[in-house]
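Q: here are the coordinates; sequence isn't available:
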Ligand code: UDP
């Protein structure tokens, strides 16, 4: 399959590019490098330097490249920022995504894989989360992803598209060979911040909230390895052959892991101490989110290779240890 990867120079997209190559597919990257890294795109992979909202550029790409399927990773993904600057999120995550979908429609490209999120569930009434549970996001980031899910449903109903929306839990880790990894600017995610604090190149890690109704009073999340996420995107290809397919899958390991568990894993794997500061809750954070991913297991044969936090942190540690400044392009 020839696959256009919007956001292919970003964290999850770049790992997916490599998994596609390994599976014998042909990835074509679309990225405007607002957050992506040129060095994350392997040599030999075709690259289009353009934004999602650039309809003329999209027309040029779809006219010249016989694209079979589009994967869309090019979203802003900071919960806290989305609370403070919601329009940025609506313009990129929603409006620009519609521009991409409309360009696909004009050019008859009908298969779409969308990066959605467990943030669409809001504060769940029951855990672990299954795909049929109510979606009521508590931050604009989650809302923008839900808006796109709803638009996709309508497009699939009209047989304009076949899609899979993957609701990621917490993407984590790095390529096992250490070649690529997480490098956000600004970085707001727990694992890179904890590792950076341990290395002494970032400030002490703030633990956001120590009064949650969880076993150790810190938030519970479900950390899932970025290569496992990527593999699900390829495992779904056959299902998208059916016109109007509308598929939703949770992608997580199902292991509830607290902020303190992550800190312990970083300390164990690195042999370093993580300096910590206890801080108030961060706005927009649900107390606990973890997946029941049985549906992806049953329908896609998807089983994460990394089932616990330590081996995930090990891959992240390998990346950050050798590349403390990340790609070094900011
Ligand atoms: N977190 C934290 N300190 C930080 C960053 C994150 O305590 O400096 C917590 C955050 O409150 C959440 C968990 O770590 O409970 C994971 O946050 P992250 O930003 O990595 O991912 P999110 O769950 O927001 O997608």
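A: Here it is on my side, so go on. Bear in mind that the values here come from a model prediction, so they are computed numbers and not experimental data. Residues are numbered from 1 along each chain as shown.
Q: just checking, residue 112 touches residue 166?
A: No. Judged on Cβ atoms under 8 Å, residue 112 makes no contact with residue 166 at a distance of 11.4 Å. Any C-beta I mention is one placed from the backbone N, CA and C, and that applies to glycine too.
Q: ok and the residue in the stretch 101-250 of the chain nearest the ligand?
A: residue 219 (3.0 Å; Cβ to the nearest ligand atom).
Q: err, the stretch 1-150 of the chain, not the other one
A: Closest to the ligand within the stretch 1-150 of the chain is residue 79: 4.5 Å, counting by Cβ to the nearest ligand atom.
Q: That residue: neighbour count?
A: 21 (other Cβ atoms under 10 Å).
Q: My guess is it contacts residue 285. True?
A: Yes. Using Cβ under 8 Å, residue 79 is in contact with residue 285, at 6.9 Å.
Q: what touches both of those two?
A: Counting by Cβ atoms under 8 Å, 6 or more residues apart in numbering, no residue touches both residue 79 and residue 285.
Q: what's the spacing between the spatially closest residue to residue 109 that is not a sequence neighbour and residue 224?
A: Nearest residue to residue 109, sequence neighbours excluded (Cβ to Cβ, 6 or more residues apart in numbering): residue 67, at 5.3 Å. As judged by Cβ to Cβ, to the nearest Å, residue 67 and residue 224 stand 27 Å apart.
Q: Show me what from this protein comes close to the ligand.
A: Neighbours of the ligand within the chain, by Cβ under 6 Å from any ligand atom: 79, 170, 188-190, 193, 205-208, 219, 221, 259, 282, 285.
Q: quick one: which of the residues you listed sit in helices?
A: 79, 190, 193, 259 (DSSP state H).
Q: All the helices of the stretch 151-300 of the chain, residue numbers only.
A: Remark: helices assigned in the stretch 151-300 of the chain by DSSP state H, counting those that start in this stretch are 190-199, 226-235, 259-270, 294-300.
Q: For the nearest residue to residue 249 once chain neighbours are set aside, give me the pLDDT.
A: Distances taken as Cβ to Cβ, 6+ apart place residue 296 nearest to residue 249, at 4.3 Å, with adjacent residues excluded. We have a pLDDT of 98 for residue 296.
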